[in-house]
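Undergrad: my questions are about this predicted structure, shown below with the sequence.
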Amino acid sequence: MRVAIFHNLPSGGAKRALWGTVKYLSRAGCSIDVFVPSTANEDFLPLRQFANSVTVMPLHTTPFGLAKSAIKYLFPRGFLSLADQEEAQKKLADIINRGKYDIVFVEQDRYTMSPFILKYLVLPYVYYCQQPRRSNEAILKILGEKIETNLVEKAWTEYCIPRLDSIDRENASYAKMILSNSCFSSEAILRAYGKNSFVSYLGVDTQLFRPLKMEREPYVLSVGSMAPEKGFDFIIRALGLVDKAIRPGLIIVGNVARAAYRDYLERLATEKGVDLEIKILIDDLELTGLYNKAQLCVYAPFLEPFGLVPLEAMACGTPVVAVREGGVRESVVHNESGLLTDRDEQKFADAITELLLDKEKYQYMSGKAIEIVSNFWTCEKAVQRLIQHMRYSIKNAMSRDR
């Protein structure tokens, strides 16, 4: 199968998931070509090692594009012209459409979420929608108040974000086949776009994330972007309720860190008596070691659509304590590979305490976590599921062309 890959992603979980997908598509015998605008992050987990070619479309902000964006789109931070972004993606679509590809795998866009390229593709494709834009969610607005903002950022929130939401919905309206990462995300897509989607669960690279038989150290690990919606302050407050005699430290691993939010977390940790260490942009080998040495993986984002972090921890044999929300309910098996709790700091602290003290239960969950991942949540099995969806999309396209 000849596959064209499009993305305009930053570093982070979505790019990591795409990297694993492309790696194992190539191992499954697919021929891969990658197409990206120059705004895509191809330094973090680059796809070139698995692809025949990588086509990068330079994106130049033009006066005409800025003027058009100001009228039609508005523009995101950095004064990037969305009109020029759309033009770059249209050019990429033209190149892809002239290629002899069986299918196009379309990932999301770092600015608009649903990418402009959906308007212009004529070949069969699947759009992998990690999640719709979430800016209208009340909880995110409340959490955003924890970070100090200047006048420019306030104007961005009030005037630009609603327009980006509209662009996301418009671009998604062109999608003929949408894939989602969880049942929770599939429902969110239906609410946001009024469109059906098919669940194609992601997997983790078990050649990377695997048990290393390292000695456990007195800390728990949480991984995610340094943003309020990841719930790190909840975790800190919960750890502050764990008995000092057994209270572990907390290591947070992120890809970026806003200084104001990082300062807030560090002040909170000091106040609650939690030993906090924040690591930014570490490599995969260090991350795998941290998973293996952690006593637990703790996970508390607000309505996370899926979340690879618990699965990465489980693949390393590290049990998970997580808030029972979003897609995590579909990957962490309560009382098997971890413990799921309500968003209550005391209950979360009690779950951490239970696994720290009950060594027999801990060992059972550690082994069970590895088994659950190997049986369903590997990249190999995820790609098998994806290929089935791709074939279905090709078949439907052929039926429409008759």
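TA: It's in.

Undergrad: show me where the stretch 51-200 of the chain has strands.
TA: Here the stretch 51-200 of the chain has its strands, by DSSP state E, counting those that start in this stretch, at 53-57, 103-109, 125-129, 178-180, 198-199.

Undergrad: is the residue nearest to C129 when sequence neighbours are not counted bridged to anything, and to what?
TA: By the measure of Cβ to Cβ, 6 or more residues apart in numbering, the closest residue to C129 outside its immediate chain neighbours is I178, 5.2 Å from it. For the C-beta atoms, the positions are set from N, CA and C on the backbone; glycine is no exception. Counting by DSSP bridges, I178 is bridged to Y127.

Undergrad: I178 touches Q131, doesn't it?
TA: No: I178 is not in contact with Q131 according to Cβ atoms under 8 Å; the separation is 11.5 Å.

Undergrad: and for the two, which residues touch both?
TA: Residues touching both I178 and Q131 by Cβ atoms under 8 Å, 6 or more residues apart in numbering: I189.

Undergrad: one step back: so for I278, which of the strands of the stretch 51-200 of the chain sits nearest?
TA: Smallest distance to I278 across the strands of the stretch 51-200 of the chain (Cβ to Cβ): 26.6 Å, for strand 103-109.

Undergrad: how close does the closest residue to L281 other than its chain neighbours get to R169?
TA: In space, and not counting its chain neighbours, L281 is closest to N255: 5.9 Å by Cβ to Cβ, 6+ apart. Using Cβ to Cβ, to the nearest Å, we find N255 at a distance of 27 Å from R169.

Undergrad: contacting residues around the residue nearest to G224 when sequence neighbours are not counted?
TA: Nearest non-adjacent residue to G224, counting by Cβ to Cβ, 6+ apart: K230, 4.1 Å away. By Cβ under 8 Å, 6+ apart, the residues touching K230 are S222, G224, A300, P301, F302.

Undergrad: relative to strand 103-109, how tilted is whichever strand or helix holds Q384?
TA: Assigned by DSSP states H and E, Q384 belongs to helix 379-401. Per axes from the mean of the first three to the mean of the last three Cα atoms, to 10 degrees, the angle that helix 379-401 makes with strand 103-109 is 110 degrees.

Undergrad: pLDDT at I278, what is it?
TA: We have a pLDDT of 97 for I278.

Undergrad: equivalent analysis for E229, please.
TA: Note for E229: predicted pLDDT of 92.

Undergrad: mind checking the SS state of the closest residue to it other than its chain neighbours?
TA: Distances taken as Cβ to Cβ, 6+ apart place F302 nearest to E229, at 4.9 Å, with adjacent residues excluded. Of the three states, F302 takes coil according to DSSP: H, G, I helix; E, B strand; the rest coil.

Undergrad: ok, the closest residue to A300 other than its chain neighbours - contacts?
TA: Spatial nearest neighbour of A300, excluding adjacent residues (Cβ to Cβ, 6+ apart): G231 at 3.5 Å. Contacts were defined as Cβ under 8 Å, 6+ apart; by that measure G231 touches A300, P301, F302, V323.

Undergrad: for G231, what are phi and psi?
TA: The phi/psi pair for G231 (degrees, to the nearest 10) reads phi 70, psi 20.

Undergrad: next: the one 5 residues further on.
TA: The phi/psi pair for I236 (degrees, to the nearest 10) reads phi -60, psi -50.

Undergrad: how close does it sit to E266?
TA: 10 Å.

Undergrad: picking that back up, list the contacts of the residue nearest to L281.
TA: Contact analysis of N255 by Cβ under 8 Å, 6+ apart lists P10, S11, G12, F44, S225, M226, I280, L281.

Undergrad: quick one, what contacts A369?
TA: Residues in contact with A369, defined by Cβ under 8 Å, 6+ apart, are A313, M314, A315, G317, T318, P319, V320, E336, S337, G338.

Undergrad: now those residues as CSV including secondary structure?
TA: Formatted as CSV, the contacts of A369 follow (three-state DSSP):
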residue, secondary structure
A313, helix
M314, helix
A315, helix
G317, coil
T318, coil
P319, coil
V320, strand
E336, coil
S337, coil
G338, strand
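
Undergrad: before we move on, the earlier item: out of the contacts of G231, who's the most crowded?
TA: For the contacts of G231, the largest number of neighbours (other Cβ atoms under 10 Å) sits with V323, at 26 neighbours.

Undergrad: how far away from the center of its chain is stretch 85-99?
TA: 25 Å (Cα atoms, centre = their mean, to the nearest Å).

Undergrad: contact partners of that stretch?
TA: 2, 4, 6, 8, 33, 35-39, 55, 57-59, 65, 104, 111-112, 115-117, 119-123.

Undergrad: let's see that with 6 Å instead.
TA: A4, F35, P37, M57, L59, V104, F116, I117, Y120, L121, V122, L123 (Cβ atoms under 6 Å, 6 or more residues apart in numbering).

Undergrad: roughly how far does E266 sit from A294?
TA: 20 Å.

Undergrad: for R134, same thing?
TA: 28 Å.

Undergrad: looking at these two, which one has more neighbours?
TA: Neighbour totals were compared for R134 and A294, and A294 leads with 25 against 16 (other Cβ under 10 Å).
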